[in-house]
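A.B. asks: One predicted model, sequence on top.
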Amino acid sequence: MWARALAAVDAWQRAHAAVAFPFAVLKKFGEDRASSLAALMAYYGFLSLFPLLLVFVSVLGFVLEDDPALQQDIVDSAVARIPGIGAQLSDQVEPLTGSTPALVIGLVGALWAGLGVTLALGRAFNEIWDVPRFEQRKALLARAYGLAALAVLGVALVASTLLAGLALGGGIGPSLERLTAVALSLVLNVAVLLAVFGLLTQRPFRIPELLPGVTLAAVGGLILQSVGGVYVNRTVIGASDTYGTFALVIGLLSWFWLASHLLLFAAEVNVVLRRRLWPRSLTGDFAPADREALRRSAEASRHDEREEISVRFEDDASERS
């Protein structure tokens, strides 16, 4: 009876794309162990947050030395993207000062820590797109692309503050100000995420193939900021009197965990759409999309095995010679 009911549900979801597609995305998300990859990204994001903020504030201190008000506005705009706890962070970040060698060493170390996030995201994209390990970018090249992604994020934070100030400084009324701010945030988020996805996605692609996931991530990011602000304000900030700094840590980890899942889910959407990996089976029998997904994964594994055998053969041949 249970088997017949499950088969009926499976037949229904396969016949309705509005249900079959999100189920296929969720199934591939689980097959790729994307939740573990997202947790790794959240870990690196948490560790690199304060070093990156130090870099950001210090660079602004040099560039905008004569305009401290604009410098503070940009810093507030950057930390405000982390809902609920941005105000606490903005009061705890001070620019790196002192001798020039110490400042350079501190900035280099902070940038190196920030690369952990982009490298983790790049590795996650490789797993989602079934890129064989021997075809993935080497260490230096991967870090070069990661630095480019970090530069895009830094420029975007500055641009978002300047654009918002130009758009909202004309006294156009609170409703239009709010609508303009949302529209600017959405457009900027799409542009930034498209650049980041393009830099860190190694497979050959066309921009329209990245747009569905990028748009989903941009809209989801705005929702996450709003909903996340309500959650943090009610559960984390309210507990700060009892748990102190521990509540701030919980809020940061929760925010990065949700944001990482959103980014990887968006990447899965692009893969499922491009390879048409739906509808998927709910009962365990293999639908055509299930066979295609399994073939892609097995092909990447076989490629790595062949490369490993080739490397071992070359090593043995060089030792005998």
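C.D. replies: Happy to help now that I have it.

A.B. asks: ranges for the helices of the stretch 51-200 of the chain?
C.D. replies: 68-79, 86-90, 100-128, 139-168, 174-200 (DSSP state H, counting those that start in this stretch).

A.B. asks: comparing the ones you listed, which gets the lowest mean pLDDT score?
C.D. replies: In terms of average pLDDT, helix 86-90 trails the rest of these, at a mean of 57.

A.B. asks: Val272 reaches Phe29, doesn't it?
C.D. replies: No. When contacts are counted by CB atoms under 8 Å, Val272 is not listed as touching Phe29 (9.5 Å). Every C-beta, even on glycine, is put in place using the N, C-alpha and C of the backbone.

A.B. asks: These two: who's more crowded?
C.D. replies: Val272 (25 against 21; other CB atoms under 10 Å).

A.B. asks: Tell me who's in contact with Thr283.
C.D. replies: 3, 6-7, 10 (CB atoms under 8 Å, 6 or more residues apart in numbering).

A.B. asks: switch the cut-off to 7 Å
C.D. replies: If you count contacts by CB atoms under 7 Å, 6 or more residues apart in numbering, Thr283 has them with 6-7, 10.

A.B. asks: likewise Lys28?
C.D. replies: For Lys28, counting by CB under 7 Å, 6+ apart, the contacting residues are 268, 271-272, 277, 293.

A.B. asks: redo that, cut-off 10 Å
C.D. replies: Residues in contact with Lys28 (CB atoms under 10 Å, 6 or more residues apart in numbering) are 34, 128, 268-269, 271-272, 275, 277-278, 280, 289, 293, 296-297.

A.B. asks: Which one of those is nearest to Glu308?
C.D. replies: Ranked by distance to Glu308 (CB to CB), these are led by Ser297 at 17.0 Å.

A.B. asks: The closest one and Val131 touch, don't they?
C.D. replies: No. Using CB atoms under 10 Å as the test, Ser297 is too far from Val131 to be in contact (11.2 Å).

A.B. asks: Between those two, which has more neighbouring residues?
C.D. replies: A count of neighbours by other CB under 10 Å puts Val131 above the other of Ser297 and Val131, at 19 against 15.

A.B. asks: State the three-state secondary structure for the nearest residue to the more buried one once chain neighbours are set aside.
C.D. replies: Closest residue in space to Val131, ignoring its immediate chain neighbours: Gln202 at 5.5 Å, by CB to CB, 6 or more residues apart in numbering. Assigned with DSSP: H, G, I helix; E, B strand; the rest coil, Gln202 falls in the coil class.

A.B. asks: just use 31 as the starting number from now, easier for me
C.D. replies: New numbering, starting at 31: the last item is Gln232.

A.B. asks: residues touching the closest residue to Leu216 other than its chain neighbours, list them.
C.D. replies: Leaving aside its sequence neighbours, Leu216 sits nearest to Ala248 (CB to CB, 6+ apart; 5.8 Å). By CB under 10 Å, 6+ apart, the contact set of Ala248 is 215-224, 241, 292, 296.
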